[in-house]
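Q: Mind looking at a prediction? Sequence and model below.
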Amino acid sequence: MPKKLPFLKTSGQKIVDESGKRIILKGVNLGGWLMMEGYMFGGRNIPEHDFRNSFGNALGIDALEDFTRSFRDSFIQEDDIRTIKSWGANCIRLPFNYRLIEQEERPYSLNEGGLSYLDKAVKWCEKHGIYCILDLHAAPGAQNDAWHSDSYGKQELFSSETNKDRYLRLWFFLADRYRDSSAVAGYDVLNEPVVGILEENRVRDLYENVTGEIRGTDKKHIIFLEGNVWAQRLEFLGKPKDDNTAYSVHCYAPLDFTHNFEADTRYPGKFYNLMWDRKMLDFIARAYDDFAKRVRVPLFLGEFGVNARGGNYGEGEWVRDVLSMSEKYDISWTYWTYKTIANYAYPDGIYRYTGNPAWVNRQGPVAGLETFASVWPKEKGSMIYSWRTENFKRNDHVFSVLKEFL
């Protein structure tokens with residue numbers, strides 16, 4: 001067992017350990033595990049709560065609890081943390097739904113079962129000597145109107161005092177729980193907020209409030225703040241008031257290529273009447289770096305990823321160019337994502353499940369997670385086994401590039 005990891009902190013534009021040694025965080029997201037997304041399981045992008053409600057209505061609450069426990073116990077295991085560490089990575093980003101911590105039907109009440117998985121992940125990271133960043137992917141009321149914030153189609157975090165209060169209490173609770181864990185690199189307090197440009201003060205004000213809540217119990221951990229508009233706009237944040245803060249951005253540009261929305265597009269190539277290549281990505285990264293230098297904060301590229309098409313369309317070259325810019329500007333990073341059901345759109349996992357059993361059913365008309373309730377009673381054992389990483393194939397076109405930078 002490795003010795004205890006040193007706490008991390010920020011120092012100007014750097015992340016450093018307790019001895020002052022510079023640390024560049026490099027790793028992968030564990031997307032889909034503690035916050036399910038439809039495309040990652042071969043289906044439509046419906047909010048997680050819709051899936052859970054449909055499953056519970058069809059089979060009952062006991063079956064839903066059995067499914068939830070079985071899925072979480074199978075999809076990510078300790079061996080996965082060991083594998084990621086063996087790559088040379090030093091960090092995982094762990095997306096989770098607030099409903100993992102707070103009981104859905106009883107606001108402010110603790111979901112002990114869900115919380116146990118965060119505890120387990122942190123302990124695995126401690127054991128294997130790898131940092132983790134806790135990422136609130138879905139906040140009370142939702143920070144954007146997309147499925148991946150488990151939204152009801154509206155963004156109601158910033159406009160509701162009740163939701164803001166729940167959000168602040170949640171982070172105080174988590175910071176108090178993990179304040180002595182050095183394997184926790186820090187808290188990514190809100191994934192991809194989206195408000196109007198003239199309302200960005202709402203995000204900034206909430207960040208200041210949540211920083212105060214966290215610092216009320218935890219003085220040690222880094223607080224990661226994401227930009228507005230899907231973690232792309234940083235300027236409104238200005239200089240942080242807390243001196244242990246990092247700013248986080250996400251990169252999926254150009255979206256039609258990385259998500260395979262426009263079939264047969266290639267990188268480098270022309271999108272939106274602009275040439276997208278290493279020069280364009282350098283232009284974007286340099287602008288972020290210039291801002292970070294002005295306000296003296298480290299940058300963290302929390303998400304970037306691409307749909308896998310056999311390596312024939314420049315996927316590997318896009319990943320290499322993004323990572324080259326990260327290396328050039330000393331930006332920490334975590335790739336999106338570790339594993340998914342192989343799909344035709346949206347970013348794929350490093351590990352991909354390519355089979356087509358009844359609970360994948362790519363031919364439709366119902367596919368992926370929306371088949372789970374109908375298939376679960378007869379295929380439970382096979383489904384649980386299929387979720388283990390040993391049944392997924394590694395996408396070496398992407399993985400080989402990531403390894404160059406680990």
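A: Received, thanks.

Q: residue closest to the middle of this protein?
A: Ranked by distance to the mean C-alpha position of the chain (C-alpha atoms, centre = their mean), the top residue is Pro95 at 4.3 Å.

Q: Only the C-alpha atoms, please, for the host helix or strand of that one, written as PDB.
A: In this assignment (DSSP states H and E), Pro95 forms part of strand 91-97. Once non-C-alpha atoms are left out, strand 91-97 reads as follows in PDB (Å, rounded to 0.1, in the frame of the first residue of the first chain):
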ATOM      1  CA  CYS A  91      -6.300  11.500 -10.800                       C
ATOM      2  CA  ILE A  92      -9.900  10.500 -11.400                       C
ATOM      3  CA  ARG A  93     -12.800  12.900 -11.600                       C
ATOM      4  CA  LEU A  94     -15.900  11.500 -10.000                       C
ATOM      5  CA  PRO A  95     -19.300  12.800 -11.300                       C
ATOM      6  CA  PHE A  96     -22.300  12.300  -9.000                       C
ATOM      7  CA  ASN A  97     -25.900  13.300  -8.700                       C
END
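
Q: Can you identify the element that follows it toward the C-terminus?
A: Downstream of strand 91-97, the next assigned helix or strand under DSSP H and E is helix 112-128.

Q: could you check the angle strand 91-97 makes with that following helix?
A: 180 degrees (axes from the mean of the first three to the mean of the last three C-alpha atoms, to 10 degrees).

Q: Average pLDDT for helix 112-128, rounded please.
A: Averaged across helix 112-128, pLDDT comes to 96.

Q: buried sites along it?
A: Neighbour-count burial for helix 112-128, counted by 16 or more other C-beta atoms under 10 Å, picks out Gly114, Leu115, Tyr117, Leu118, Lys120, Ala121, Val122, Trp124, Cys125, Glu126, His128. Where you see a C-beta, it was placed from the backbone N, CA and C, and this is true even at glycine.

Q: and the strand holding Pro95, what other elements does it pack with?
A: With contacts taken as 3 or more C-beta pairs under 8 Å, 6 or more residues apart in numbering; DSSP states H and E, strand 91-97 sits against strand 26-29, helix 112-128, strand 131-138, strand 332-335.

Q: Show me the contact partners of that strand.
A: For strand 91-97, contacts defined as C-beta atoms under 8 Å, 6 or more residues apart in numbering pick out 25-31, 33-35, 48, 81, 84, 118, 121, 125, 130-138, 150, 185, 188, 191, 302-303, 332, 334, 338.

Q: And stretch 146-164, how far out from the chain middle?
A: On the basis of C-alpha atoms, centre = their mean, to the nearest Å, the separation between the geometric centre of stretch 146-164 and that of its chain is 18 Å.

Q: Quick one: end-to-end distance for that stretch.
A: Across stretch 146-164, the terminal residues are separated by 18 Å (C-alpha to C-alpha, to the nearest Å).

Q: Pull out the buried residues from that stretch.
A: Within stretch 146-164, the residues that qualify as buried are Ala146, Trp147, His148, Ser149, Asp150, Ser151, Gln155, Glu156, Leu157, Phe158, Asn163, Lys164, counting by 16+ other C-beta under 10 Å.

Q: what sits against Asn191?
A: Asn191 touches Pro95, Asp135, Leu136, His137, Ala138, Gln143, His148, Ser149, Glu226, Ala231, Gly302, counting by C-beta under 8 Å, 6+ apart.

Q: thinking the fourth one is in contact with Met36, fair?
A: What that stands for is His137. No. The pair His137 and Met36 does not pass the contact test of C-beta atoms under 8 Å, sitting 10.3 Å apart.

Q: Flag the shaky bits of the chain, pLDDT-wise.
A: The chain contains residues with pLDDT under 70 at 1-2, 104-105, 107.

Q: So which residues of it form helices?
A: Applying DSSP state H to the chain gives helices spanning 48-59, 61-75, 78-86, 112-128, 161-178, 200-215, 228-231, 255-258, 278-295, 315-328, 372-386, 396-405.

Q: Can you lay out those as a markdown table showing distance to Arg266?
A: Formatted as a markdown table, the helices of the chain follow (distance: least, C-beta to C-beta, whole Å):
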| stretch | distance to Arg266 |
| --- | --- |
| helix 48-59 | 34 |
| helix 61-75 | 32 |
| helix 78-86 | 30 |
| helix 112-128 | 37 |
| helix 161-178 | 41 |
| helix 200-215 | 35 |
| helix 228-231 | 24 |
| helix 255-258 | 8 |
| helix 278-295 | 14 |
| helix 315-328 | 9 |
| helix 372-386 | 32 |
| helix 396-405 | 14 |
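
Q: right, and the ones you listed - which one's nearest Pro6?
A: Proximity of the helices of the chain to Pro6 was assessed by C-beta to C-beta; the nearest stretch is helix 112-128, lying at 12.4 Å.
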